[in-house]
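Undergrad: Give me a model of this one.
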Amino acid sequence: MKREQKHETDYIQKYQDEGYTKNYLFENGCLIDSETKYAYQPDEIYIVAHHRYEGMSDPDDMSILYIIETKDQQKGTHLLGYGPTADLEEAEFFKDIPKKNYSKNGEDNGELT
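TA: Residues are numbered from 1 along each chain as shown. Here you go, the predicted structure:
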């Protein structure tokens, strides 16, 4: 039986339904709450789960959806592009999040879907 592959928007909607309604953007070396404009540093971010994707028509179209909680209990998502067209500063930001801030139960479907 073939498993149905989910798109980023399917997961974003799933997590929004669970209360992860904030949208985070990467600007000026920080993760920014798109509503409040609060700028978070890597040690203020907790990764609850992440899902990796590879574009169906273009394998270079790769992304990771991060499910995030912050030190001030805000909850939301951030979509990070990776691969040949990745923003290296943005990727480094996520590498700088302390390993202890990654959930041990965080989902990672382990597949590029």
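Undergrad: contact partners of the longest helix seen in the chain?
TA: In the chain, assigned by DSSP state H, the helix with the most residues is helix 8-17. Contacts to helix 8-17, defined as C-beta atoms under 8 Å, 6 or more residues apart in numbering, come from residues His51, Tyr53, Ser63, Leu65, Ile67, Thr77, Leu79. For glycine as for every other residue, the C-beta is placed from the backbone atoms N, C-alpha and C.
Undergrad: what would these look like in TSV with secondary structure and pLDDT?
TA: Converted to TSV, the contacts of helix 8-17 look like this (DSSP: H, G, I helix; E, B strand; the rest coil; pLDDT from 0 to 100):
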residue	secondary structure	pLDDT
His51	strand	89
Tyr53	strand	77
Ser63	strand	86
Leu65	strand	93
Ile67	strand	96
Thr77	strand	96
Leu79	strand	92
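Undergrad: Give the burial count for Asp87, as a bare number.
TA: Residues near Asp87, counting by other C-beta atoms under 10 Å, number 12.
Undergrad: Oops, could you answer that again for Gly29 instead?
TA: Number of residues near Gly29 (other C-beta under 10 Å) recorded here: 13.
Undergrad: All good on my end, thank you.
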